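Enquirer: got a structure for you, letters missing:
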């Protein structure tokens with residue numbers, strides 16, 4: 001069963017549209033400085049605190065985390081952020097291109113993350129995990145929500161729809177034309193209903209936020225080791241999450257650009273990949289279905305179709321299109337052994353559009369580009385259910401959750 005808890009959220013007293021910001025890991029420091037310019041109440045001052053320090057600062061220096069704590073304390077002191085008087089759930093809705101997804105904001109269990117009830121599908125990098133662990137420990141708070149999902153449940157969906165029929169406490173549209181809305185779920189009956197309803201959900205899945213959830217687990221483990229009276233009910237045993245039904249989520253393609261052809265001519269390259277793929281010059285930039293790929297080479301778009309026998313349809317990882325491309329083309333033909341570390345490959349999220357692939361190749365920032373058919377939620381869940389790991393850059397979720405609308409703190 002999935003354990004979720006209400007909590008005393010720390011949230012904007014006003015001007016939520018000025019406070020809320022993109023996730024810390026989708027902006028670099030320069031982009032964050034530019035976005036926060038002239039906005040003293042942007043949550044980037046807490047999630048990307050290096051923007052208030054010299055530009056040459058080591059991003060992992062102790063001063064960076066201390067600045068985040070200093071800024072959070074100031075936001076609280078100045079009542080930019082205020083704490084709710086009781087433990088509530090919250091409802092967060094995002095509307096993009098006419099499609100709305102509704103997520104329950106709740107505290108999820110670190111213990112269930114450790115036990116695999118909250119399931120992951122990606123590896124984490126130690127440096128990024130350590131960074132978020134220090135951030136959480138210094139602030140005594142999880143500031144960036146983990147994006148979770150679950151198989152649809154009619155009873156939960158009906159209750160969420162009932163709550164969403166009321167007026168939200170915040171509603172605004174960001175520069176990327178995405179509408180955000182937040183409701184406070186303060187009715188005790190609604191809180192009890194949702195808490196009990198999630199007990200019938202056997203598994204939660206991490207859609208995005210593997211480093212944030214791993215960091216929360218690390219912090220819980222550290223606190224537990226230093227607390228002889230540990231009960232499991234302490235606030236450090238939980239982390240901030242937004243939990244969406246799987247059917248509402250939009251997974252976009254996550255595309256690839258490779259800098260060179262590994263010493264092959266275009267003719268040699270086409271002949272080589274023809275061993276594992278049917279190659280057709282179609283002019284079509286988007287793959288029409290699973291196990292097909294768009295390829296931009298020499299100013300032309302091709303469609304590649306994986307041949308029979310090139311993958312195991314019964315293996316939940318091998319059957320993924322990202323695995324098929326890696327195992328049959330990127331590794332054996334282009335020599336991309338580890339796409340996590342190889343500098344010759346780069347990744348382009350589907351939100352940037354397929355023209356971005358053409359531009360990179362045409363401007364000599366790559367030699368060949370591949371457009372991918374999006375990984376499905378059912379594929380993600382199958383990998384997580386078998387406790388396996390997806391290849392890197394398998395999914396791109398849109399819209400991204402904004403940080404700063406609700407914060408989960410370890411102390412009241």
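Expert: Yes, it's here. The structure presented is a predicted model; accordingly, all values stated were derived computationally and were not measured.

Enquirer: Quick check: end-to-end length of stretch 116-123?
Expert: Distances were taken as Cα to Cα, to the nearest Å; on that basis the terminal residues of stretch 116-123 are 14 Å apart.

Enquirer: quick check: mean pLDDT across it?
Expert: Mean pLDDT, stretch 116-123: 93.

Enquirer: Show me which residues of it are buried.
Expert: 117-122 (16 or more other Cβ atoms under 10 Å). Placement of C-beta: from N, CA and C, glycine included.

Enquirer: so what's residue 272 closest to, chain neighbours aside?
Expert: Excluding the flanking residues, the one nearest residue 272 by Cβ to Cβ, 6 or more residues apart in numbering is residue 333, at 5.1 Å.

Enquirer: ok so, going back, which two among the buried residues of stretch 116-123 are spaced furthest apart?
Expert: Greatest spatial distance among the buried residues of stretch 116-123 (Cβ to Cβ): 117 and 122, at 17.1 Å.

Enquirer: Just say helix, strand or coil for residue 131.
Expert: helix (DSSP: H, G, I helix; E, B strand; the rest coil).

Enquirer: Contact partners for it?
Expert: With contact set as Cβ atoms under 8 Å, 6 or more residues apart in numbering, residue 131 has these partners: 59-60, 211, 215.

Enquirer: most neighbours, which of those residues?
Expert: Each of these was scored for neighbours by other Cβ atoms under 10 Å, and residue 215 scores highest at 26 neighbours.

Enquirer: Show the contacting residues for that residue.
Expert: Applying Cβ under 8 Å, 6+ apart, the residues near residue 215 are 129, 131-133, 135-136, 142.

Enquirer: would you list these in JSON lines and tack on pLDDT and distance to residue 223?
Expert: Shown next, in JSON lines, are the contacts of residue 215 (pLDDT from 0 to 100; distance: Cβ to Cβ, whole Å):
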{"residue": "129", "pLDDT": "94", "distance to residue 223": "17"}
{"residue": "131", "pLDDT": "96", "distance to residue 223": "18"}
{"residue": "132", "pLDDT": "96", "distance to residue 223": "15"}
{"residue": "133", "pLDDT": "97", "distance to residue 223": "11"}
{"residue": "135", "pLDDT": "97", "distance to residue 223": "15"}
{"residue": "136", "pLDDT": "97", "distance to residue 223": "10"}
{"residue": "142", "pLDDT": "96", "distance to residue 223": "13"}
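
Enquirer: Can you tell me which of those is nearest residue 103?
Expert: residue 142 (15.6 Å).

Enquirer: Mind putting the contacts of residue 131 into a markdown table with pLDDT and distance to residue 382?
Expert: Output for these, formatted as a markdown table (pLDDT from 0 to 100; distance: Cβ to Cβ, whole Å):
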| residue | pLDDT | distance to residue 382 |
| --- | --- | --- |
| 59 | 94 | 36 |
| 60 | 95 | 36 |
| 211 | 93 | 23 |
| 215 | 96 | 26 |
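
Enquirer: State the pair within those residues that is farthest apart.
Expert: Among these, 59 and 215 lie farthest apart (Cβ to Cβ), at 15.3 Å.

Enquirer: OK, contacts around residue 351?
Expert: Residue 351 neighbours (Cβ under 8 Å, 6+ apart): 252, 396, 398.

Enquirer: can you do 10 Å?
Expert: Contacts for residue 351 were tallied using Cβ atoms under 10 Å, 6 or more residues apart in numbering; they are 96, 176, 252-254, 396-400.

Enquirer: now the helices: where do they sit in this protein?
Expert: In the chain, the helices defined using DSSP state H lie at 16-19, 29-36, 44-47, 62-77, 110-115, 126-139, 154-164, 188-198, 210-225, 266-273, 321-325, 355-362, 377-385.

Enquirer: tell me the most buried of the ones you listed?
Expert: helix 44-47 (a mean of 26; mean count of other Cβ atoms under 10 Å).

Enquirer: what sits against the nearest residue to residue 127 once chain neighbours are set aside?
Expert: Among residues not flanking residue 127 along the chain, residue 60 sits closest, at 7.6 Å (Cβ to Cβ, 6+ apart). For residue 60, the contacting residues are 50, 127, 130-131, 134, by Cβ under 10 Å, 6+ apart.

Enquirer: Touching, residue 349 and residue 256? I think so.
Expert: No: contact criterion Cβ atoms under 10 Å: residue 349 and residue 256 do not qualify, at 11.3 Å.

Enquirer: between the two, who's got more neighbours?
Expert: Taking other Cβ under 10 Å, residue 349 and residue 256 do not tie; residue 256 has more neighbours (27 against 18).

Enquirer: pLDDT wise, what is the more buried one at?
Expert: Predicted confidence (pLDDT) for residue 256: 96.

Enquirer: Against residue 10, how distant is it?
Expert: 40 Å (Cβ to Cβ, to the nearest Å).

Enquirer: now residue 169
Expert: The gap separating residue 169 from residue 10 is 14 Å, by Cβ to Cβ.

Enquirer: Ok, residue 325 next?
Expert: Counting by Cβ to Cβ, the gap from residue 325 to residue 10 is 43 Å.

Enquirer: For residue 220, see how far away the residue lying closest to residue 5 once chain neighbours are set aside is.
Expert: Nearest residue to residue 5, sequence neighbours excluded (Cβ to Cβ, 6+ apart): residue 107, at 4.3 Å. Distance, residue 107 to residue 220, using Cβ to Cβ: 12 Å.

Enquirer: Please tabulate the contacts of residue 131 in TSV and include distance to residue 40 as additional columns.
Expert: Formatted as TSV, the contacts of residue 131 follow (distance: Cβ to Cβ, whole Å):
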residue	distance to residue 40
59	21
60	25
211	28
215	27
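
Enquirer: ok, so of these, who is nearest residue 388?
Expert: Among the contacts of residue 131, residue 211 lies closest to residue 388 (Cβ to Cβ), at 18.9 Å.

Enquirer: give me the number of residues near residue 38?
Expert: By other Cβ under 10 Å, the residues close to residue 38 number 6.

Enquirer: check contacts around it.
Expert: Not one residue lies near residue 38 by Cβ under 10 Å, 6+ apart.
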